[in-house]
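Peer 1: What would the 3D arrangement of this be:
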Amino acid sequence: MAAVEKRTRTATGKVVSNKMDKTVTVLIERRVKHPVYGKYMTRSSKVHAHDEDNQCRIGDLVTVAESRPLSRTKTWKLVEVVEQAPEL
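Peer 2: I've put the predicted structure just below:
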């Protein structure tokens with residue numbers, strides 16, 4: 001039997017909340033084409049991601065990957081911080 005490699009879904013988004021312990025809320029935006037009119041629209045979704053070290057701040061650009069359910073709402077894990085938000 002050949003080993004089957006399972007691909008995990010990843011997404012890049014912006015951290016909009018880090019008030020929880022070991023959890024961040026990430027806003028993922030994607031552009032989709034309207035099926036009839038052809039205009040591009042922005043669709044967004046918010047996901048909760050597991051941040052083990054509490055390293056993310058609001059405004060950071062992060063990559064998250066889908067994982068097994070970690071809590072009722074948390075099914076994503078933080079992979080990396082792509083770009084840190086400027087400190088105020």
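Peer 1: Dig out what residue 78 forms beta bridges with.
Peer 2: Beta-bridge pairing for residue 78 (DSSP bridges): residue 64.
Peer 1: pLDDT wise, what is it at?
Peer 2: Predicted confidence (pLDDT) for residue 78: 97.
Peer 1: Contact partners for the closest residue to residue 62 other than its chain neighbours?
Peer 2: In this structure, residue 62 finds its nearest non-sequential neighbour in residue 81, 5.4 Å apart by Cβ to Cβ, 6 or more residues apart in numbering. C-beta: built from backbone N, CA, C; applies to glycine. By Cβ atoms under 8 Å, 6 or more residues apart in numbering, the residues touching residue 81 are 55, 56, 60, 61, 62.
Peer 1: now do residue 80
Peer 2: So residue 80 contacts 62, 63 (Cβ under 8 Å, 6+ apart).
Peer 1: And it, how close does it get to residue 56?
Peer 2: For residue 80, the distance to residue 56 (Cβ to Cβ, to the nearest Å) stands at 10 Å.
Peer 1: now do residue 77
Peer 2: 12 Å.
Peer 1: Which one's more surrounded, the two?
Peer 2: When neighbours are counted by other Cβ atoms under 10 Å, residue 77 and residue 56 differ, and residue 56 comes out ahead with 22 against 17.
Peer 1: Wait, residue 56 touches residue 14, no?
Peer 2: No: applying Cβ atoms under 8 Å, one finds residue 56 not in contact with residue 14, separated by 10.2 Å.
Peer 1: which neighbours do those two share?
Peer 2: residue 62.
Peer 1: need the contact list for the residue positioned nearest the centre of the chain.
Peer 2: In the chain, the residue lying closest to the centroid (Cα atoms, centre = their mean) is residue 64, at 4.3 Å. By Cβ under 8 Å, 6+ apart, the contact set of residue 64 is 10, 11, 12, 13, 26, 47, 49, 76, 77, 78, 79.
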